[in-house]
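Enquirer: Below are the sequence and a predicted model; questions follow.
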Amino acid sequence: MFAASAPIDPLFRVANYVEAVLWIVIGAAFAAVAVFRRGARRSRAVQAAAAFALFGLSDVVEAGTGAWWRPWWLLAWKGACVLVLGALLLGHWRRARRRG
């Protein structure tokens, strides 16, 4: 898929595939939740679903590159997903604090 500078450990590759499945399943759970929500809650659930699923797909790519920071666009991809998830989490904490 992508050329790695050194041979990739088979355990590393399998671990990344397992991790990818985990993130994609979490994304699917958020997608299922979105079906039953309306308005802003649905929008946030869809955003979380997409971010988790895309993060999982980035692990599939990582399994082929051998590193999460190589190539540069994989790091940017993962970073964008983490930023979206972080923003969603921060918003959740703020809303929960306002509710008391």
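Expert: Perfect, thanks for sending it.
Enquirer: Can you give me the neighbour number for Cys81?
Expert: 20 (other C-beta atoms under 10 Å). In short, each C-beta sits where N, CA and C put it, glycine included.
Enquirer: and it, how far is that from Ser58?
Expert: 7 Å (C-beta to C-beta, to the nearest Å).
Enquirer: Grab the nearest non-local neighbour of the residue nearest in space to the middle of the chain.
Expert: Nearest to the mean C-alpha position of the chain, by C-alpha atoms, centre = their mean, lies Phe55 at 2.6 Å. If the residues on either side of it in the chain are set aside, Phe55 comes closest to Cys81, at 4.1 Å by C-beta to C-beta, 6 or more residues apart in numbering.
Enquirer: residues contacting that neighbour?
Expert: 51-52, 54-55, 58 (C-beta atoms under 8 Å, 6 or more residues apart in numbering).
Enquirer: how about 6 Å then?
Expert: For Cys81, the contact set (C-beta atoms under 6 Å, 6 or more residues apart in numbering) comprises 51, 54-55.
Enquirer: which stretches of this protein form strands?
Expert: With strands called from DSSP state E, the chain shows none.
Enquirer: Where does the prediction get shaky in it?
Expert: 1-5 (pLDDT under 70).
Enquirer: Go again with 80.
Expert: 1-6, 100 (pLDDT under 80).
Enquirer: What ranges does it have for its helices?
Expert: All helices of the chain, identified by DSSP state H, fall at 10-35, 39-65, 72-99.
Enquirer: roughly how far apart are Phe52 and Leu89?
Expert: Taken as C-beta to C-beta, the span from Phe52 to Leu89 is 12 Å.
Enquirer: And those two? Which one has more around it.
Expert: Phe52 (23 against 11).
Enquirer: which residue packs closest to that one, ignoring adjacent ones?
Expert: In space, Phe52 is closest to Gly27, 3.4 Å off (C-beta to C-beta, 6+ apart).
Enquirer: I figured the one you found hits Phe55, correct?
Expert: No: in this structure, Gly27 is not within contact of Phe55 by C-beta atoms under 6 Å, at 7.9 Å.
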